[in-house]
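J.: Let's see this in three dimensions:
(one chain, ligands or ions: 1)
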Amino acid sequence: MVKIAPSILSADFVNLERDIKKVSSADYLHVDVMDGCFVPNLTIGIPVVKSIRQCTDMFLDVHLMIDKPVRYIEDFAKAGADLLSVHLEADHPTQIAQALKVMGECGVKKAVALRPITSANAILPYIEELDMVLVMTVEPGFGGQSFMESQLETIRQVRAIIEKYHPTCELEVDGGIAPKTAPLVVEAGANVLVAGSAVYGKEDIPAAIAALRV
Ligand SMILES: O=C(CO)[C@@H](O)[C@H](O)COP(=O)(O)O
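T.: Below is the predicted model of the structure:
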């Protein structure tokens, strides 16, 4: 069954603990870390991830939208992340490989993320050691954007690579996921759906999560 990962970017940060508890029927908690350089927005960092860890047992899926992420892998692992995603565009391939190595040493699950401009083949050097590939279906930086239908082809291509080289690797999609777009990405091969506004924008949050389980 498809897994749902609510993005706390759309939560009420004044009442973050309350809003995290509201999504306890979901599978993962998606935490968007932005540095104002890799993306034109600033969000949260290591101390907030540490506080989140203290208020939930949910699987923390931490998406690093930061330049040169290798500098912070150990800190996010110690803060309590269960999985870290680094962007393939955020550093040289040798440094991406090093970031994945540090994740392994720290005992966190390993993921790489792709901006919409990046081709599926970019995951090939890493695929055998990955636990997840994250395909962005919007330009990273902000919640509430429109789903990019052109990314369906990238999702299909990533799924084909996963099936060939590492079938247990998960395929997560992020950006504009809602009841209308969820069936499209699942049909293309995604098995983990990140949703911000389609979950936190709704009155009945458990029902909103259930509506994405296609
Ligand atoms: O990483 C990001 C945006 O960069 C996402 O995780 C958004 O938070 C998803 O929000 P919606 O598009 O679902 O509103």
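
J.: CA atoms for contacts and neighbours, from now on please.
T.: Noted.

J.: Close to the ligand: what parts of the chain are there?
T.: 7, 9, 32, 140-145, 174-177, 195-198 (Cα under 6 Å from any ligand atom).

J.: Separate out the buried members of those.
T.: 7, 9, 32, 140-144, 174-177, 195-198 (16 or more other Cα atoms under 10 Å).

J.: In strands, which of those fall?
T.: 32, 174, 195 (DSSP state E).

J.: Could you report the pLDDT at the residue nearest the centre of the chain?
T.: Centroid-nearest residue in the chain: residue 63, 4.9 Å away (criterion: Cα atoms, centre = their mean). pLDDT recorded at residue 63 is 99.

J.: From the residues of the chain next to the ligand, which land in helices?
T.: The helices in this structure, assigned by DSSP state H, contain 197-198 from the residues of the chain next to the ligand.

J.: Let me see the contact set for residue 9.
T.: By Cα atoms under 8 Å, 6 or more residues apart in numbering, the contact set of residue 9 is 31-32, 143, 196.

J.: can you pull out the helices in the chain?
T.: Under DSSP H, the chain gives helices at 16-22, 46-55, 73-79, 93-106, 151-165, 182-188, 197-200, 205-210.

J.: Show me what the mean pLDDT comes to for the fourth one.
T.: Computed over helix 93-106, the mean pLDDT rounds to 98.

J.: go on, the fifth one?
T.: Looking at helix 151-165 alone, the average pLDDT works out to 99.

J.: Check which helices and strands that helix is in contact with.
T.: Helices and strands touching helix 151-165, by 3 or more Cα pairs under 8 Å, 6 or more residues apart in numbering; DSSP states H and E, are strand 132-136, helix 182-188.

J.: Just put those in JSON lines and tack on mean neighbour count.
T.: Below are the helices and strands packed on helix 151-165 laid out as JSON lines (neighbours: other Cα atoms under 10 Å):
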{"stretch": "strand 132-136", "mean neighbour count": "25"}
{"stretch": "helix 182-188", "mean neighbour count": "19"}
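
J.: Thanks a lot, see you next time.
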